[in-house]
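[1] When you get a sec, could you give me coordinates for this:
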Amino acid sequence: QVQLVESGGGLVQAGGSLRLSCAASGRPFVNYPMGWFRQAPGKEREFVAAIRWSGVTYYSDSVKGRFTISLDTKSTVYLQMNSLKPEDTAVYYCAATPYTPSNDFTSVNEYRYWGQGTQVTVSS
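    Numbering: from 1, shown residues only. Reported below is the predicted structural model:
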């Protein structure tokens with residue numbers, strides 16, 4: 001059974017940092033693009049960042065320069081979040097999907113596997 005398990009969320013003051021982790025298990029995730037999305041109360045789930053096993057990364061404009069996505073060889077994906085803002089408050093979800101040349105890594109609908117989410121709260 002495929003599982004993605006996020007950890008590392010919490011409460012932090014504006015300007016602070018958090019590091020989210022997502023451990024993948026249940027099947028080999030080699031060459032599976034992996035991404036982070038977030039959903040704030042009353043809003044749609046939105047793209048945050050994605051990474052391919054080649055190392056190519058993608059970021060939303062709202063987090064570019066503040067967040068960094070990375071991947072290790074054990075199928076764990078990380079999201080280092082610096083200079084956090086109150087508007088970054090949301091539930092953060094990890095996702096993975098089989099690679100195809102036509103992947104749209106920014107689309108929620110592109111991803112097959114999802115974690116349960118971890119809450120990030122940034123106080124002002």
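
[2] now the strands for the protein?
    3-7, 10-13, 18-25, 34-39, 46-51, 57-59, 67-71, 76-81, 90-96, 113-114, 118-123 (DSSP state E).

[3] Format those as a markdown table; extra columns: mean pLDDT and distance to F105.
    From N, CA and C alone the C-beta is placed, and that goes for glycine too. Formatted as a markdown table, the strands of the chain follow (pLDDT from 0 to 100; distance: least, C-beta to C-beta, whole Å):
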| stretch | mean pLDDT | distance to F105 |
| --- | --- | --- |
| strand 3-7 | 94 | 16 |
| strand 10-13 | 98 | 26 |
| strand 18-25 | 94 | 15 |
| strand 34-39 | 97 | 6 |
| strand 46-51 | 97 | 4 |
| strand 57-59 | 96 | 5 |
| strand 67-71 | 96 | 11 |
| strand 76-81 | 96 | 13 |
| strand 90-96 | 97 | 10 |
| strand 113-114 | 95 | 14 |
| strand 118-123 | 98 | 20 |
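
[4] how much space is there between Q13 and D104?
    Using C-beta to C-beta, to the nearest Å, Q13 is found at 35 Å from D104.

[5] for Y32, that is, sorry about that
    According to C-beta to C-beta, Y32 stands 15 Å off from D104.

[6] now V12
    31 Å.

[7] higher neighbour count, the two?
    Using other C-beta atoms under 10 Å, the more surrounded residue of V12 and D104 is V12, with 17 against 13.

[8] Any figure for the gap between that one and A96?
    For V12, the distance to A96 - C-beta to C-beta - is 26 Å.

[9] Brilliant, that's me finished.
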